[in-house]
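# Could you work out the structure for the sequence below:
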Amino acid sequence: QVSGGEDEIQQLQKALLDYLDENTEIDASLVFSRKFYVAQWFRDTTMETEKAIKSQKDEDSSEGTHHAKDVETTGQIMHRAESRKTFLRSIIKTAPSQFSTLKMNSDTVDYEDACLIVRYLASMRPFAQSFDIYLTQ
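Below is the predicted model:
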């Protein structure tokens, strides 16, 4: 369960990173996994921001009645992306041994929960969302 007020995706990312950090002593490959996820999420956030800027420019070139609504949505996307980037930068700057101070709650995530979080976060990626289109093509 995630508490309100903070980005749900960011809370799930925190929980997964916490799980990976707690289990690095058991499996050294989790250090790589942790770094990979942080880099991938940062890239995804950057791509989302670029896509929002591109869609805003496309809307500026064509006049429409939904222009103000789209700009507001773009602003919200930009704000959310910046907060995620700030979170990920703080994770990058934090040494893995110090990451335990950033725990989501005192709750620990077990292996099954971590698998569920990974599946959920993977389902949010563009390829997973458009998988039916790829199959029909």
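
# Quick check: residue 86 vs residue 137, distance?
For residue 86, the distance to residue 137 equals 38 Å [C-beta to C-beta, to the nearest Å]. For every residue, glycine as well, the C-beta is placed using N, CA and C.

# wait, residue 93
42 Å.

# Comparing residue 86 and residue 137, which residue is more hemmed in?
residue 86 (11 against 5; other C-beta atoms under 10 Å).

# Report all helices and strands that the helix or strand hosting residue 32 contacts.
Element membership for residue 32 (DSSP states H and E) is helix 29-61. On a contact count with 3 or more C-beta pairs under 8 Å, 6 or more residues apart in numbering; DSSP states H and E, helix 29-61 meets helix 8-22, helix 67-93.

# how far out from the middle of the chain is the first one?
Relative to the mean C-alpha coordinate of its chain, helix 8-22 is positioned 10 Å out (C-alpha atoms, centre = their mean, to the nearest Å).

# sorry, back to before: ranking the helices and strands packed on helix 29-61 by burial, who's on top?
Greatest average neighbour count among the helices and strands packed on helix 29-61 goes to helix 8-22 (a mean of 20), per mean count of other C-beta atoms under 10 Å.

# Next up, the contacts around the spatially most central residue of the chain.
Geometric centre of the chain, nearest residue: residue 41, 4.8 Å, by C-alpha atoms, centre = their mean. Shown in contact with residue 41 (C-beta atoms under 8 Å, 6 or more residues apart in numbering): 13, 84, 88.

# I'd assumed residue 121 was in contact with the first one.
Which is residue 13. Yes: using C-beta atoms under 8 Å, residue 13 is in contact with residue 121, at 7.2 Å.

# measure the closest residue in space to residue 81 that isn't next to it in sequence to residue 43 for me?
Distances taken as C-beta to C-beta, 6 or more residues apart in numbering place residue 49 nearest to residue 81, at 4.4 Å, with adjacent residues excluded. As judged by C-beta to C-beta, residue 49 and residue 43 stand 11 Å apart.

# picking that back up, now the helix holding residue 32 against helix 8-22, angle please.
Orientation of helix 29-61 against helix 8-22 (axes from the mean of the first three to the mean of the last three C-alpha atoms, to 10 degrees) gives an angle of 160 degrees.
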